[in-house]
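1. just need the structure, nothing else, for what follows:
(2 chains)
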Number of protein chains: 2
Amino acid sequence: MKKILGFDLGGTKVLAAVLDNDFNILSRVKMKANADLGVKSVYKVICAVIKDACDEAGIDVSDLSAIGGCAPGLVEPKTGLVYDTPNLGFKNFPLQEKLSQDFNIPVHIENDVNAGLYGELHFGAARGMENVLALSPGTGVGGAIVIDGKLIRGSRGGAGEFGHIIVQPDGPLCGCGQRGCLEAISSRTALSQQILSFAVRGRVPLVIDEAKGNLKKVKSGLIARAYNSGDEDVQAIVDYAARYLGVGMSNLVNSFNPEAIILGGGLIEALPEPFLKISTKVMREKAMGVNGEKVKVLAAELGDDAVIKGSAQLAAELVR
Amino acid sequence: MKKILGFDLGGTKVLAAVLDNDFNILSRVKMKANADLGVKSVYKVICAVIKDACDEAGIDVSDLSAIGGCAPGLVEPKTGLVYDTPNLGFKNFPLQEKLSQDFNIPVHIENDVNAGLYGELHFGAARGMENVLALSPGTGVGGAIVIDGKLIRGSRGGAGEFGHIIVQPDGPLCGCGQRGCLEAISSRTALSQQILSFAVRGRVPLVIDEAKGNLKKVKSGLIARAYNSGDEDVQAIVDYAARYLGVGMSNLVNSFNPEAIILGGGLIEALPEPFLKISTKVMREKAMGVNGEKVKVLAAELGDDAVIKGSAQLAAELVR
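-> Sure, this is the predicted structure:
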């Protein structure tokens, strides 16, 4: 019986896994991808990691029925053309077509947040549901949409940009150039910036100790440790972000009337309690009655496997 | 060849029309419906107007292949149960089932904003499109969603409540009890309230003259006349509402990546220029590149016929 391969092209690494037809993961291989070396170099890493994952599973690439992958950016829904990946330098790169030709099998390429939600839909927190949204505060705030069991990608692949819902018209500046986007308030990046601005004033001692003024070191784990150590500044910053996540969620609930919102990403994994509790409370306060009452707010269950399994599921659907 | 009947159940009247198979309107009948007399009384008016529209078209009710109607409130997607209509007193009323039994033909009941967008999709401003949103500032701000050519109603019929997207977290109070909903800023009701608060101060002379402090008399036509007469207070109020409509539109564009947003309702018909121009400008400024660039913002084309034709189209699909 042929196998399926799923891969996750991230900003700095490529992860690939071979799965059997029950979507059990048989092998898992990770390689660094240096975007500074150019798109061709990253593409070579993708090919290498696919081959290595097959080796690791004791199969040949020709034993695969299909490959499903995802990329961190805009992907054209029908062709799998990768329009734009801010952190990887892919611009209009025909990733789906190229892999399909080079490996001579069907390939599906998806946006990574979409793939993750599809994984949770088939194998994780959203199993058995039909209308679900994903919201993932991380470097930015990612979003994805499933309606009637299908991913909704919009007319040019740009649906689900929930990070750029404006929740404060004159709020903090966002990386997109606008003010008051959800991402400018509730992403890990926004949290890190605010926490560091306190560090400059000599507050948030744990952060000063561990991160030493380096924004990149203020990761989800450190934020969680400071939060759980009782640092009131960090708690106020996180709780504020969670409240605005709830405002964004109420807007989504009023727009989509979903069965559930799946919250995912490292920040939610590190601080599930304040994020789920506070954002759910605010959402239920603000959403319209029928919409807000029944919607479930759930933490993603599959972690990094969500995108691998979702990508593999999308690939499997190509050959069914 | 059998005909189709479409009807529009509004807050104070019922409008019905018989259409041929090319969706030409053969007859049109309107009757007042007094919600104060109770649901049974309104239901009788619906039945009477259906029969009268058939008479007017020179056909018998048995010459209809199907009936499609819409109601101004939450409608359960599969059963056509009318959950709730704030202005009509319908609560969990099985309108679709009851009409279907009483007239012994297939009936489809839809939310009115959904029916209107479906009409514009098949016969009006959105012809030939697949991914479209409707936004209708009136008493409230209505919304509707078409994805891949199909109406999206959400898990319990509550999708598309775009009037309750929060665009100013601490903004003006909304009828739903929240603050800063789009409806609290950009609906005709919100405009009328603001304009009257100026009238109390002796400003907005045309409004003082014509409306005499009566909120109900500050309708779209009067607002437009005051705007076009050069009243700077009214212009400032309308332009502000249009800017926030643009903020709401940018949120929708980032969430749905539609091909077009269709702006409809009496306010847009009365003041197309400021609303389309200002809201489109703000939306393009604020939406993400790929999403904001290509989306069209169009005025609805069909007026009151949109809901009739959309309802009839949905009914026709029952019997095809």
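
2. which SS class is the closest residue to chain B within the stretch 51-200 of chain A?
-> Closest to chain B within the stretch 51-200 of chain A is residue A:154: 2.5 Å, counting by C-beta to the nearest C-beta. Placement of C-beta: from N, CA and C, glycine included. Put simply, residue A:154 is coil when judged by DSSP: H, G, I helix; E, B strand; the rest coil.

3. surely it touches residue B:254?
-> No. Between residue A:154 and residue B:254 there is no contact under C-beta atoms under 8 Å: 9.5 Å.

4. okay, buried residues for stretch A:199-211 please.
-> Buried positions in stretch A:199-211, judged by neighbour count with 16 or more other C-beta atoms under 10 Å in any protein chain shown: A:199, A:204, A:206, A:207, A:208, A:211.

5. ok, so of the residues you listed, who is nearest chain B?
-> Out of those, the member with the shortest distance to chain B (by C-beta to the nearest C-beta) is residue A:204, at 25.6 Å.

6. what sits against the closest residue to that closest one other than its chain neighbours?
-> Spatial nearest neighbour of residue A:204, excluding adjacent residues (C-beta to C-beta, 6 or more residues apart in numbering or on different chains): residue A:198 at 4.7 Å. The contact partners of residue A:198, by C-beta atoms under 8 Å, 6 or more residues apart in numbering or on different chains, come to A:204, A:207, A:233, A:234, A:237.

7. which pLDDT value goes with the fourth one?
-> Residue A:234 is assigned 96 on the pLDDT scale.

8. so residue A:154 and residue B:254 - more neighbours on which side?
-> Neighbour count, other C-beta atoms under 10 Å in any protein chain shown: between residue A:154 and residue B:254, residue B:254 has more, with 29 against 24.

9. the residue nearest to residue A:204 sits in which helix or strand?
-> helix A:188-199 (DSSP states H and E).

10. would you mark the buried spots in that helix?
-> Neighbour counts over helix A:188-199 (16+ other C-beta under 10 Å) mark A:188, A:189, A:190, A:191, A:192, A:194, A:195, A:196, A:198, A:199 as buried.

11. nearest residue to the residue nearest the centre of chain A in space, please, no chain neighbours.
-> Closest residue to the average C-alpha location of chain A: residue A:113 at 4.0 Å, with C-alpha atoms, centre = their mean. Nearest non-adjacent residue to residue A:113, counting by C-beta to C-beta, 6+ apart: residue A:142, 3.8 Å away.

12. surely that neighbour is in contact with residue A:135?
-> Yes. Assessed by C-beta under 8 Å, residue A:142 is found in contact with residue A:135 at 7.5 Å.

13. I'd guessed the residue nearest to the centre of chain A sits against residue A:144; true?
-> Yes. With contact defined as C-beta under 8 Å, residue A:113 reaches residue A:144; the gap is 4.5 Å.

14. any residues in contact with both of the two?
-> Among the neighbours of residue A:113, those also in contact with residue A:144 (C-beta under 8 Å, 6+ apart) are A:134, A:160.

15. in what helix or strand does the residue nearest to residue A:113 lie?
-> Applying DSSP H and E, one finds residue A:142 within strand A:141-147.

16. other residues contacting whatever helix or strand comes next after the helix holding residue A:198?
-> Later in the chain than helix A:188-199, the nearest helix or strand by DSSP H and E is helix A:205-211. Contact partners of helix A:205-211, identified using C-beta under 8 Å, 6+ apart, comprise A:195-196, A:198-199, A:202, A:217-218, A:222, A:225-226, A:229, A:231, A:234.

17. so how far is helix A:205-211 from its chain's centroid?
-> How far helix A:205-211 lies from its chain's middle: 27 Å, per C-alpha atoms, centre = their mean, to the nearest Å.

18. quick one: mean pLDDT over that helix.
-> For helix A:205-211, the mean per-residue pLDDT is 89.

19. so what touches stretch A:226-242?
-> Here stretch A:226-242 makes contact (C-beta under 8 Å, 6+ apart) with A:137, A:185-186, A:190-191, A:194-195, A:198, A:203-207, A:223, A:271, A:274-275, A:277-279, A:282.

20. between helix B:232-256 and the lengthiest helix in chain A, find me the angle.
-> Counting residues, the longest helix in chain A under DSSP state H turns out to be helix A:232-256. Interaxial angle, helix A:232-256 versus helix B:232-256 (axes from the mean of the first three to the mean of the last three C-alpha atoms, to 10 degrees): 90 degrees.

21. so what does the helix or strand that helix A:232-256 is followed by touch, helix or strand wise?
-> Going down the chain from helix A:232-256, the next helix or strand is strand A:260-263, by DSSP H and E. Here strand A:260-263 touches strand A:132-137, helix A:232-256, helix A:272-286, strand A:296-299, going by 3 or more C-beta pairs under 8 Å, 6 or more residues apart in numbering or on different chains; DSSP states H and E.

22. just those: most buried one?
-> strand A:132-137 (a mean of 28; mean count of other C-beta atoms under 10 Å in any protein chain shown).

23. against which helices or strands is it packed?
-> In terms of contacts (3+ C-beta pairs under 8 Å, 6+ apart), strand A:132-137 is packed against helix A:112-123, strand A:141-147, helix A:232-256, strand A:260-263, helix A:266-270.

24. repeat that for 6 Å
-> strand A:141-147, strand A:260-263 (3 or more C-beta pairs under 6 Å, 6 or more residues apart in numbering or on different chains; DSSP states H and E).

25. any chance of these in TSV, plus mean neighbour count and mean pLDDT?
-> Formatted as TSV, the helices and strands packed on strand A:132-137 follow (neighbours: other C-beta atoms under 10 Å in any protein chain shown; pLDDT from 0 to 100):
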stretch	mean neighbour count	mean pLDDT
strand A:141-147	26	97
strand A:260-263	25	98
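
26. many thanks, we can stop here.
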